[in-house]
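Visitor: Whatever this is, show me its structure:
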Amino acid sequence: MTDLTVKYFNSGMTGAPQIANNWGDLVTMLDACLVNGFALKAIDTLTCADGVATASISAGHAYRPEQVVEIAGADQPEYNGEVRVIATTATTFTYAVTGTPASPATSATSLSAKVAPLGWEKAFAGMNKAAYRSQNPASPQNLLLIDDDLKTPGYTTTWAKWANVGIVEGLSDIDTIVGAQAPFDPNNPTQNWKQVAANQWGWYKWYHARSNQYESNGDGGTGGRNWVLIGDDRLFFLFVTNAAGYNWYGRNAYCFGDLISFKPGDAYATVLCADDNYSGMSNYWSYPGQFNGYGLTQSLEFTGKTLLRNHTQLGNPVRFGLTSLNTNNSSQVCGHGPMPFPNGPDFSLWLLPTYVREESGHMRGLMPGMHWMPQDRPYSDQTIVDNVVGQAGKKFLLVRTQYSSETEGAQIAFDITGPWR
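Guide: Numbers count the residues shown, from 1 in each chain. Just a heads-up that it's a prediction; the model follows:
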């Protein structure tokens, strides 16, 4: 049976929410990709022949091959639900159906399509704040808490903009954390969310509007940021630039969700990758992208990466790093490696599993969906490939990002066929 839990989105898709230099833009984008979907379109006609449905939208649709869309409104249930687009023209798209429903489809209301969300829940909300969690019953359902509102006190709204982010075990309301949280400093328990020292406003951050130098140097101006989001119903990866006019270079790399733990019944195997930048008014960027060592591309680099608790299920958060085969130090960079492309003996692309290692050295599990690339940026950004050794029937989205500066590129492969677990 075709898996439809894995989906991907980007800022260039028709109807996609745009991230700019406004407080709350990240929450708006996450609402669309995780919870609500976007690009709702009325379908004019819906027909079926030989197990393939064709949806016609005379005004033009918003969908791409391999994208998952949600069909609703047909009296014949075989047409409805989440489906993967096979092929498109300017005014039609096709997808597979089971059975032999009546053709054309009829509807007591109206036929519609939209880009399907990942199926997460927005459990709590506030002004430019949200708490998201997986609805999958196999998940420990720890929450992503995100505060993308104006920072207080004393912050100037034209400065850099970011969301404070953290993993929380529970909430009684959007502002009250219950149980474990990460990151967490027992000596300053609120420092991820509130000002506890002058000229600091948070700790783990997802930036979406920033200039170079210091946070007070500005928000990079107006205009849509370049972003990509890939995920399933338990984990997602986000790449976003800090200013308009950037392509893959300048992207920040973030993630949140459940890994595949090597420990049975692991209730705290939830990961968060962010910018660990407690002192943004004194830390200096020479370029508007992500700091060296942050993000997801350097092996065994622990900065800005946290698990809710370690494998004992006790105590405070533990940092993690990513590793794969032959990546025993942080000099190895995913998608910027020494292996030739194509690999001579089999003339192919190689993708390897990505492991999550606690800073203490314990191997906690696998990072679902993410594959380590030992070759050097073999394709352009967001190319979809299927020529991967040992991965017959799988397609991969190759996302470029930076790892050291705007021009120091890396590339990560994501399985878009699924399932991830």
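
Visitor: Now do the buried residues in stretch 387-401.
Guide: 388, 391, 395-401 (16 or more other Cβ atoms under 10 Å). In this view, the C-beta of every residue, glycine as well, is placed from N, C-alpha and C.

Visitor: meant to ask about stretch 173-188
Guide: Going by 16+ other Cβ under 10 Å, stretch 173-188 has these buried residues: 174, 177, 180-184.

Visitor: Including distance to residue 212, pLDDT and secondary structure, could those go into JSON lines?
Guide: Formatted as JSON lines, the buried residues of stretch 173-188 follow (distance: Cβ to Cβ, whole Å; pLDDT from 0 to 100; DSSP: H, G, I helix; E, B strand; the rest coil):
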{"residue": "174", "distance to residue 212": "33", "pLDDT": "98", "secondary structure": "coil"}
{"residue": "177", "distance to residue 212": "33", "pLDDT": "97", "secondary structure": "strand"}
{"residue": "180", "distance to residue 212": "36", "pLDDT": "98", "secondary structure": "strand"}
{"residue": "181", "distance to residue 212": "31", "pLDDT": "98", "secondary structure": "strand"}
{"residue": "182", "distance to residue 212": "29", "pLDDT": "98", "secondary structure": "strand"}
{"residue": "183", "distance to residue 212": "25", "pLDDT": "98", "secondary structure": "coil"}
{"residue": "184", "distance to residue 212": "30", "pLDDT": "97", "secondary structure": "coil"}
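
Visitor: For those, give me TSV that also has distance to residue 109.
Guide: Output for those, formatted as TSV (distance: Cβ to Cβ, whole Å):
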residue	distance to residue 109
174	35
177	42
180	45
181	44
182	45
183	47
184	49
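
Visitor: With respect to residue 263, which of those residues is nearest?
Guide: Comparing these against residue 263 with Cβ to Cβ picks out residue 180 as the nearest, at 15.9 Å.

Visitor: dump the residue contacts of the residue lying closest to residue 411 once chain neighbours are set aside.
Guide: Using Cβ to Cβ, 6 or more residues apart in numbering and skipping the chain neighbours, the partner closest in space to residue 411 is residue 335 (2.9 Å). For residue 335, the contacting residues are 297, 373, 375-377, 398, 400, 409-413, by Cβ atoms under 8 Å, 6 or more residues apart in numbering.

Visitor: my read: residue 9 touches residue 69, true?
Guide: No - using Cβ atoms under 8 Å, residue 9 makes no contact with residue 69, being 11.7 Å away.

Visitor: Could you pull out the residues contacting both of these two?
Guide: In contact with both residue 9 and residue 69: residue 115, using Cβ under 8 Å, 6+ apart.

Visitor: helix, strand or coil for the residue nearest the centre of the chain?
Guide: By Cα atoms, centre = their mean, the chain has its centre lying nearest to residue 237, at 2.3 Å. The three-state assignment at residue 237 reads strand, by DSSP: H, G, I helix; E, B strand; the rest coil.

Visitor: Would you confirm that it contacts residue 252?
Guide: No - the pair residue 237 / residue 252 is not scored as a contact, 11.2 Å apart, by Cβ under 8 Å.

Visitor: rewinding a little: which of the buried residues of stretch 387-401 fall in strands?
Guide: 396-401 (DSSP state E).

Visitor: would JSON lines of those residues with distance to residue 92 be doable?
Guide: Below are those laid out as JSON lines (distance: Cβ to Cβ, whole Å):
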{"residue": "396", "distance to residue 92": "27"}
{"residue": "397", "distance to residue 92": "24"}
{"residue": "398", "distance to residue 92": "28"}
{"residue": "399", "distance to residue 92": "28"}
{"residue": "400", "distance to residue 92": "31"}
{"residue": "401", "distance to residue 92": "34"}
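
Visitor: Pick out whichever of those residues sits closest to residue 63.
Guide: Out of these, the member with the shortest distance to residue 63 (by Cβ to Cβ) is residue 397, at 15.9 Å.

Visitor: Report the separation between the closest one and residue 228.
Guide: 8 Å (Cβ to Cβ, to the nearest Å).

Visitor: so what's in contact with those two at the same time?
Guide: Common neighbours of residue 397 and residue 228 (Cβ under 8 Å, 6+ apart) are 8, 382.

Visitor: Most distant residue from the centre of the chain?
Guide: residue 102 (38.4 Å).

Visitor: What mean pLDDT does stretch 413-421 get?
Guide: Throughout stretch 413-421, pLDDT has a mean value of 97.

Visitor: Off-centre distance for that stretch?
Guide: Relative to its parent chain, stretch 413-421 has a centroid offset of 13 Å by Cα atoms, centre = their mean, to the nearest Å.
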